[in-house]
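Asks: Next comes the sequence, and after it the predicted model I'd like to discuss.
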2 protein chains.
Amino acid sequence: MKREKISDAVIRRLPVYLRLLSHLKRLGFRTVSSQQLGKELDFNPAQIRKDLAYFGEFGRKGIGYDVDYLIKKIDQILNLDQPVHVVLVGAGKLGQAISHYNVYQKDNMKIIAIFDHTKERIGTNVSGLTIRPIDELQHFITENNIRIGIITVPDYAAQEIADKMVSAGISAILNFAPVVLRTPEHVRVSNADVTAELHSLAYYVFNQGK
Amino acid sequence: MKREKISDAVIRRLPVYLRLLSHLKRLGFRTVSSQQLGKELDFNPAQIRKDLAYFGEFGRKGIGYDVDYLIKKIDQILNLDQPVHVVLVGAGKLGQAISHYNVYQKDNMKIIAIFDHTKERIGTNVSGLTIRPIDELQHFITENNIRIGIITVPDYAAQEIADKMVSAGISAILNFAPVVLRTPEHVRVSNADVTAELHSLAYYVFNQGK
DNA sequence: TAGATTGTTAATCGATTAACAATC
DNA sequence: TAGATTGTTAATCGATTAACAATC
């Protein structure tokens, strides 16, 4: 077990490993090698071993990794071995789609409250959750000790929501609004920018082989 | 103007520049320096200059970049100076949210057809588009020379849709299904994996400062 | 034992940042 | 001219990959 700072790139691969491992488990695999994982994911096996080795010695030489054990370990690393509660702000179509998806997730991460600004939406039901007014956002976050927030409001409203989240003590934001959020150093922001993704794909379409 | 292979990281920043530049244009800026851009985006100014210099000499020493001109140039680089048509498969909540969003986009990229497998959905209207049956997907792609596809079907159906897209000649896919798609080398796949994003955020929440 | 596979160090590769001459 | 800022080379930093001893 090392004690270096672990890079973003490593952390972002862990959920990918986790998903593949769950899949392999369902298929009946008891054990798996970095070679096999690499083949499935198109990753270099050395990279996979190195990624895992940052957190401990999870494998067995000559054998590989025990699927169940590795799932358990990665769950622990990501803090997904305990309930993780999330709030979502912006009950438009995208917010509803994400909430809806969340219902079917069978992991420990759950959206437990949805907030919106629009009077007509407040009180209505989305995926089993009653939409709450933004006024209650900060109180809800502190009261329930929420650490992760999802922003699915329009671009012009995103910074204000982020500010509210931050002041209430949230430490990570998944932002779907196409803006660069200003947040303090200690708050992690991950941007999910569909338009930007599409725009960069357009480059490759007409510049093939580059 | 260089003639190197340009890295993914560079291409993925271009849409970000583009968006900020449009914003600055709306604010009345005529000219902007890499310093200013960097400050807004939290990027190193040298990186911005280098990114742009891969494609040409767009700036003026001592002055900076002409906002209008740079927008035009990045649009050209990304091939967004011409209509780019996109198909979307999977008219569930997420597919609808994305289609809906697309309506308000005022760029040259447009979703022009939506496909779904479910009989009840076919023929109904989503954001001004009539949902078509999957059977028609391949014909539509070839007929209209579509190059980009968006996949918003459930995980188990994603590979099949990708295969159909590829065989019909698509060259880039934005995949929202939480699976690793198998595609030929020449097909670009970009994954938008909300669950994976959230899972990696969970790491930072309880490992702050790392 | 022989074959397989890990964990880890060293080598390589690539991306970011600093520095600065050119020049507006 | 003096100050500002680009484009680009060189230096640095970091991430990926190769190689291999340890060992199941």
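Replies: Cool, got the structure.

Asks: CA-only coordinates of the helix or strand of chain A with the lowest mean pLDDT in PDB, if you can.
Replies: Ranking every helix and strand in chain A by mean pLDDT, DSSP states H and E puts helix A:93-104 at the bottom, with a mean of 91. C-alpha atoms of helix A:93-104 as PDB (Å, rounded to 0.1, in the frame of the first residue of the first chain):
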ATOM      1  CA  LYS A  93     -36.500  16.800 -18.500                       C
ATOM      2  CA  LEU A  94     -32.900  16.000 -17.900                       C
ATOM      3  CA  GLY A  95     -33.300  16.100 -14.100                       C
ATOM      4  CA  GLN A  96     -36.300  13.800 -14.400                       C
ATOM      5  CA  ALA A  97     -34.400  11.400 -16.600                       C
ATOM      6  CA  ILE A  98     -31.500  11.200 -14.100                       C
ATOM      7  CA  SER A  99     -33.900  10.800 -11.200                       C
ATOM      8  CA  HIS A 100     -35.700   8.100 -13.000                       C
ATOM      9  CA  TYR A 101     -32.600   6.200 -13.800                       C
ATOM     10  CA  ASN A 102     -31.600   6.500 -10.200                       C
ATOM     11  CA  VAL A 103     -34.600   4.400  -9.100                       C
ATOM     12  CA  TYR A 104     -33.200   1.300 -10.800                       C
END
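
Asks: what's next to that helix, contact-wise?
Replies: A:88-89, A:91, A:110-111, A:114, A:116, A:126-129, A:150, A:152, A:176, B:92-94, B:96-98, B:100-101, B:194-195 (CB atoms under 8 Å, 6 or more residues apart in numbering or on different chains). Heads up, the C-betas are built off the backbone N, CA and C, glycines and all.

Asks: Ok, stretch A:63-73 next?
Replies: So stretch A:63-73 is contacted by A:17-18, A:21-22, A:24-25, A:29-34, A:36, A:52, A:55-56, A:58-60, A:81 (CB under 8 Å, 6+ apart).

Asks: With A:Ser33 as the reference, measure out to the residue with the largest distance to the centre of chain A.
Replies: Relative to the centre of chain A, the most outlying C-alpha is that of A:Gly62, 33.3 Å out, by CA atoms, centre = their mean. In this view, A:Gly62 and A:Ser33 are 10 Å apart by CB to CB, to the nearest Å.

Asks: And the strands in chain A?
Replies: Taking DSSP state E to define them, one finds strands in chain A at A:31-32, A:59-60, A:64-66, A:84-89, A:109-116, A:125-126, A:129-133, A:148-151, A:172-175, A:188-191.

Asks: May I see these organised as CSV, with distance to DNA strand C, mean neighbour count and mean pLDDT added?
Replies: Listed next are the strands of chain A as CSV, based on distance: least, CB to the nearest atom of the strand, whole Å; neighbours: other CB atoms under 10 Å in any protein chain shown; pLDDT from 0 to 100:
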stretch, distance to DNA strand C, mean neighbour count, mean pLDDT
strand A:31-32, 7, 18, 98
strand A:59-60, 3, 16, 96
strand A:64-66, 4, 19, 98
strand A:84-89, 26, 23, 97
strand A:109-116, 26, 21, 97
strand A:125-126, 38, 14, 94
strand A:129-133, 38, 17, 97
strand A:148-151, 24, 26, 98
strand A:172-175, 20, 24, 98
strand A:188-191, 15, 18, 96
